[in-house]
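A.B. asks: just a sequence and a predicted model for now, questions to come.
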Amino acid sequence: MELEKIYGDLKDLVSDGSRVLRDADMREYTTFRIGGPADFLVRPASEEEAAGILSYLKENGIPYTVLGNGSNVLVLDGGIRGVVIRIGRDMARIRVSGDRLTAEAGALLSAAASAAAEAGLGGMEFAAGIPGSVGGAVFMNAGAYGGEMSRILVSCRALLPDGTVRDFSKEEMELGYRHSIFEENRGIILSCTLQLAQADREKIAALMKELAARRAAKQPLNLPSAGSTFKRPEGYFAGKLIEESGCRGLAVGGARVSPKHAGFVVNEEKASAEDVTTLIDLVRMTVKDYSGVELEPEVRIIGEKKR
Ligand SMILES: Cc1cc2nc3c(=O)[nH]c(=O)nc-3n(C[C@H](O)[C@H](O)[C@H](O)COP(=O)(O)OP(=O)(O)OC[C@H]3O[C@@H](n4cnc5c(N)ncnc54)[C@H](O)[C@@H]3O)c2cc1C
């Protein structure tokens, strides 16, 4: 199908055509600030729009990639063929009712955590500093400082590849370490409901402040990255293994293993995705030789290599 036709069709599927981009610069949609262009990027503003876009793409055999805030992905230098469906600020309503919070998937975790804090609800403090969307956090079962999405999730609503919209209970989401069922069923998470608990507003604010300070002290937040590059291997800490094996500060092109936190690869100087993947391979090999432990990337590598 002609690209121009797809562009026109996508614009017809959303209420505001400016939410469809052609040759979208993925550096602007990822916290790593790396990656070639996506043929198209569309930002649905409602469940209905997302469903219309998905059914059009399926009917026409056009590949698609779902993206939230782009804080856990590395887009390869050749970019992304087909359509990126970006669930972000256009689908970001948050509602508090009693001690439950319901958020659309595009809401930032920080915004949801702030809304909870304002309503005097505790339980989301751990998530305030994770720079992802609610949908991305459910998909990844994001966690920090002893908290994890699985502890507060009640249910979520998702659009499945066959076009049906369905509610998933927490059990049905099969949440594990940085894993959910949506990795397998390719559902697009539309919204979720969290169970929080009444707490003192000042205590919530103080805990959020403390965790933000701990993050700023340990993590290289001044440079673009996708957070922890590797999953935590059972019984070890990735950052510690990387440090002990001598990889702290190691660089390939513009990518470097952060001297501040060896668990993070940072984009120090206009790094290409190839710089990052070469560095990741080098670190994995070195850590394997040093300790016998196989590090698995937590960062999700998407798109294609430059030809
Ligand atoms: C500085 C920094 C610190 C970080 N700290 C932490 C931390 O403490 N703990 C932690 O767990 N993570 C951390 N991360 C990683 C990241 O923020 C989380 O994994 C976050 O949950 C990803 O959300 P996102 O919206 O950015 O997802 P994206 O990066 O956009 O996508 C990640 C995956 O989720 C899928 N996805 C996203 N949205 C949806 C949706 N609506 N429906 C279906 N699939 C979807 C994508 O297809 C992709 O496979 C950090 C990252 C950075 C840059």
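C.D. replies: The structure has been received and is ready for your questions. Numbering: from 1, shown residues only.

A.B. asks: and for the closest residue to residue 238 other than its chain neighbours, the neighbour number?
C.D. replies: In this structure, residue 238 finds its nearest non-sequential neighbour in residue 230, 4.1 Å apart by CB to CB, 6 or more residues apart in numbering. (Glycine included, C-beta is placed from N, CA and C.) Close neighbours of residue 230, defined as other CB atoms under 10 Å, add up to 25.

A.B. asks: and what of residue 103?
C.D. replies: 28.

A.B. asks: spell out the residue ranges of the helices in the stretch 151-300 of the chain.
C.D. replies: Assigned by DSSP state H, counting those that start in this stretch, the helices in the stretch 151-300 of the chain fall at 182-185, 201-218, 238-244, 273-291.

A.B. asks: local confidence estimate at the residue nearest to residue 238?
C.D. replies: If you check residue 230, the pLDDT there is 98.

A.B. asks: kindly state the beta-bridge partners for it.
C.D. replies: According to DSSP bridges, the residues that bridge with residue 230 are residue 297.

A.B. asks: correct me, but residue 256 touches residue 248?
C.D. replies: No - the pair residue 256 and residue 248 fails to qualify as a contact (CB atoms under 8 Å) at a distance of 9.6 Å.

A.B. asks: spell out which residues of the stretch 151-300 of the chain are next to the ligand.
C.D. replies: 182, 188, 189, 219, 221, 225, 226, 227, 300 (CB under 6 Å from any ligand atom).

A.B. asks: can you list the residues you listed in JSON lines and add pLDDT and neighbour count?
C.D. replies: Output for these, formatted as JSON lines (pLDDT from 0 to 100; neighbours: other CB atoms under 10 Å):
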{"residue": "182", "pLDDT": "98", "neighbour count": "22"}
{"residue": "188", "pLDDT": "98", "neighbour count": "24"}
{"residue": "189", "pLDDT": "98", "neighbour count": "26"}
{"residue": "219", "pLDDT": "97", "neighbour count": "19"}
{"residue": "221", "pLDDT": "97", "neighbour count": "17"}
{"residue": "225", "pLDDT": "98", "neighbour count": "28"}
{"residue": "226", "pLDDT": "98", "neighbour count": "26"}
{"residue": "227", "pLDDT": "98", "neighbour count": "21"}
{"residue": "300", "pLDDT": "98", "neighbour count": "16"}
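
A.B. asks: list just the nearest of the residues you listed to residue 106.
C.D. replies: Residue 106 has its nearest neighbour among these in residue 189, at 9.7 Å by CB to CB.

A.B. asks: the closest one against residue 85, yeah?
C.D. replies: No - Residue 189 lies out of contact with residue 85 (CB under 8 Å); the separation is 11.4 Å.

A.B. asks: model confidence score at residue 15, please.
C.D. replies: So residue 15 comes in at 97 (pLDDT).

A.B. asks: what sits against it?
C.D. replies: Listed by CB atoms under 8 Å, 6 or more residues apart in numbering, the contact set of residue 15 reads 45, 49.
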